[in-house]
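# can't give you the sequence, but here's the structure:
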């Protein structure tokens, strides 16, 4: 009878250890799956954020280049001024603070150019050089921002 009890205790102990081990393995698998799902969700969010920022930055750079190409022409820039304000607000909303500030500086320069053209003044090379410098700096900051996401 002692052997039977010992066998029964051993079988029960083995069953408890096996169940505990299976439960532990299931818990580890669950945590690994959850970690993987969280990482995938984070990666998708980062990709979405990068795409939104890329489109917003590209819109501002494209508009700024279009405005630059119109300097000194008789083409009206009133619509560009409205579009600039809308895009600037998007950049300030979607981007890090330092990029929003760079976009604001670019906007101030562009508004100065709008003012000069609207009142019949020519835009000299100093304004053009400053505009291009700010545009290049903004594009550089955009690339860095997209790489940091």
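Structure's in. What do you need? Quick caveat: nothing in here was measured; it's all calculated off a predicted structure. Numbers count the residues shown, from 1 in each chain.
# could I get the average pLDDT for the host helix or strand of residue 109?
Using DSSP states H and E, the element containing residue 109 is helix 97-118. Taken as a whole, helix 97-118 has a mean pLDDT of 87.
# buried set for it?
99-100, 102-103, 106-107, 109-110, 113-114, 117 (16 or more other Cβ atoms under 10 Å). All C-beta spots, glycine's among them, are computed from the backbone N, C-alpha and C.
# make JSON lines from those and add distance to residue 52 to it.
Converted to JSON lines, the buried residues of helix 97-118 look like this (distance: Cβ to Cβ, whole Å):
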{"residue": "99", "distance to residue 52": "13"}
{"residue": "100", "distance to residue 52": "14"}
{"residue": "102", "distance to residue 52": "18"}
{"residue": "103", "distance to residue 52": "15"}
{"residue": "106", "distance to residue 52": "19"}
{"residue": "107", "distance to residue 52": "20"}
{"residue": "109", "distance to residue 52": "25"}
{"residue": "110", "distance to residue 52": "23"}
{"residue": "113", "distance to residue 52": "28"}
{"residue": "114", "distance to residue 52": "27"}
{"residue": "117", "distance to residue 52": "32"}
